[in-house]
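Visitor: fold the following and give me the result.
(one chain, ligands or ions: 2)
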Amino acid sequence: MLQNRWNKFYLILFSIFFLLISPKVKGDERKIVNPDNGNEYLLTDVMSWQEARVLAEKLGGYLVTINDEKENQWLINTFLHHDTDFVWIGINDYQEEGHFIWINNENVPYTNWASGEPNNNLLQGGEDYGVINGGKNPFNRTVGTWSDAPEKARLRGIIEFTIN
Ligand SMILES: [Ca+2]
Ligand SMILES: [Ca+2]
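Guide: Numbering: from 1, shown residues only. Ligands and ions are numbered 1, 2, ... in the order given. Take a look at the predicted model:
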């Protein structure tokens with residue numbers, strides 16, 4: 001009888017413990033499914049593009065590859081809020097200046113660069129890392145267009161997980 005009570009006590013204690021830690025160990029709950037392609041997406045905290053790339057790999061995904069206008073629009077609707085300036089995406093030319101590729105090596109003909117971008121702005125020390133422009137970007141780029149941004153920038157990023 002006493003044994004039983006202790007078992008219950010520990011069961012409750014462990015339940016509370018796991019309830020408390022579960023949101024931290026499971027990033028899964030923040031993933032959002034894109035119904036158009038079935039893939040899952042996650043918005044990271046603020047960090048460098050390379051840090052976001054490493055995090056994406058660790059989680060089994062990659063910094064988002066934007067395959068077409070429909071996916072671009074879905075990302076705008078889902079991740080770009082009224083106070084967003086820029087968010088990291090997977091396009092980059094850090095390995096070879098001027099040669100932009102997607103980080104997962106997907107070969108994608110679609111692009112949506114903002115007018116005058118990418119410009120590798122040398123005043124910023126060069127720019128090799130892709131962003132999608134939100135409504136609060138200081139250059140008045142059209143929301144959803146892309147720009148290249150410098151290594152020193154610290155932004156949220158979008159991670160994509162291929163499902164199937
Ligand atoms: Ca994609
Ligand atoms: Ca560049």
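Visitor: over to the closest residue to Ile32 other than its chain neighbours: give its phi and psi.
Guide: Take Ile32 and drop its neighbours on the chain: the residue closest to it by Cβ to Cβ, 6 or more residues apart in numbering is Tyr41, 5.2 Å away. (Each C-beta comes from the backbone N, C-alpha and C, glycine too.) When read as degrees, to the nearest 10, the backbone of Tyr41 gives phi -140, psi 150.
Visitor: swap in Glu69?
Guide: Dihedral angles (degrees, to the nearest 10) for Glu69: phi -60, psi -30.
Visitor: report how many residues lie close to the closest residue to it other than its chain neighbours.
Guide: Of all residues not flanking Glu69 in the chain, Tyr110 sits nearest, at 6.9 Å (Cβ to Cβ, 6+ apart). For Tyr110, the neighbour count with other Cβ atoms under 10 Å is 12.
Visitor: I'd assumed Tyr110 was in a helix, is it?
Guide: No. Under DSSP: H, G, I helix; E, B strand; the rest coil, Tyr110 sits outside any helix and is assigned coil.
Visitor: so who does it touch?
Guide: When contacts are counted by Cβ atoms under 8 Å, 6 or more residues apart in numbering, Tyr110 touches 66-69, 72.
Visitor: what residues does this protein have near ligand 2?
Guide: The chain comes close to ligand 2 at residues 93, 120, 128, as judged by Cβ under 5 Å from the ion.
Visitor: give me the distance between Tyr41 and Ile91.
Guide: Taking Cβ to Cβ, to the nearest Å as the measure, Tyr41 falls 16 Å from Ile91.
Visitor: okay, the two: which has more neighbours?
Guide: Neighbours were counted for Tyr41 and for Ile91 using other Cβ under 10 Å; Ile91 has more, 25 against 20.
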